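J.: Structure for the following, please:
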Amino acid sequence: MFAPRRSLFFLSRRRRARSEIVAAVGLAAASAAVAAAAVYFLDPNAGKERRTALSKRATGMYRQSKRHLHAVAERAAL
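T.: Numbering: from 1, shown residues only. Prediction:
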């Protein structure tokens, strides 16, 4: 007469399978991004210039944030 209902166990198994697929795709995308960054920075022709530029930029950001935090600390001390 009536079709049997599917159990909740079936639905949870299906969701788990989808989440495993999503996790695998996410891991593959992250791996591809890391590999692309490695190839970009380890390039024998232009990689040295890129690494130097990145180092200078990171150092500049560090110094700027250090100055900013020092100024905030001085204002907070008043």
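J.: okay, CA-based contacts and neighbour counts for the rest of this
T.: OK.
J.: just the helices in this protein please.
T.: Secondary structure of the chain (DSSP state H): helices located at 8-41, 47-77.
J.: okay, these in TSV with mean neighbour count and mean pLDDT next?
T.: As requested, those are exported to TSV (neighbours: other C-alpha atoms under 10 Å; pLDDT from 0 to 100):
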stretch	mean neighbour count	mean pLDDT
helix 8-41	12	83
helix 47-77	12	95
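J.: so how far is Ala36 from the spatially most central residue of the chain?
T.: Centroid check for the chain by C-alpha atoms, centre = their mean gives Ala30 as the closest residue, at 7.4 Å. Look at Ala30 and Ala36: by C-alpha to C-alpha, to the nearest Å, they are 10 Å apart.
J.: Domain ranges for the protein, per the record?
T.: 9-42, 46-78 (automatic domain parsing).
J.: Got phi/psi on Ala46?
T.: Ala46 adopts backbone torsions of phi -110, psi 0, taken as degrees, to the nearest 10.
J.: For it, the count of nearby residues, please.
T.: Around Ala46 there are 11 other residues, counting by other C-alpha atoms under 10 Å.
J.: Relative to Thr52, how far out is it?
T.: In terms of C-alpha to C-alpha, Ala46 sits 10 Å off from Thr52.
J.: Ok, Arg67 next?
T.: 23 Å.
J.: now Ala58
T.: 10 Å.
J.: Could you export stretch 36-53 as PDB, keeping only the C-alpha atoms?
T.: Coordinates of the C-alpha atoms in stretch 36-53 are reproduced here as PDB (Å, rounded to 0.1, in the frame of the first residue of the first chain):
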ATOM      1  CA  ALA A  36      51.200  27.200  -7.100                       C
ATOM      2  CA  ALA A  37      52.600  29.400  -4.400                       C
ATOM      3  CA  ALA A  38      55.700  27.200  -4.100                       C
ATOM      4  CA  VAL A  39      56.200  27.300  -7.900                       C
ATOM      5  CA  TYR A  40      55.700  31.100  -7.900                       C
ATOM      6  CA  PHE A  41      58.300  31.800  -5.200                       C
ATOM      7  CA  LEU A  42      60.800  29.100  -6.100                       C
ATOM      8  CA  ASP A  43      61.000  30.000  -9.700                       C
ATOM      9  CA  PRO A  44      64.700  30.000 -10.600                       C
ATOM     10  CA  ASN A  45      64.400  33.100 -12.900                       C
ATOM     11  CA  ALA A  46      62.200  35.600 -11.000                       C
ATOM     12  CA  GLY A  47      61.700  33.800  -7.700                       C
ATOM     13  CA  LYS A  48      64.600  35.700  -5.900                       C
ATOM     14  CA  GLU A  49      63.100  39.100  -6.800                       C
ATOM     15  CA  ARG A  50      59.700  37.900  -5.600                       C
ATOM     16  CA  ARG A  51      61.000  36.500  -2.300                       C
ATOM     17  CA  THR A  52      62.900  39.800  -1.700                       C
ATOM     18  CA  ALA A  53      59.800  41.900  -2.400                       C
END
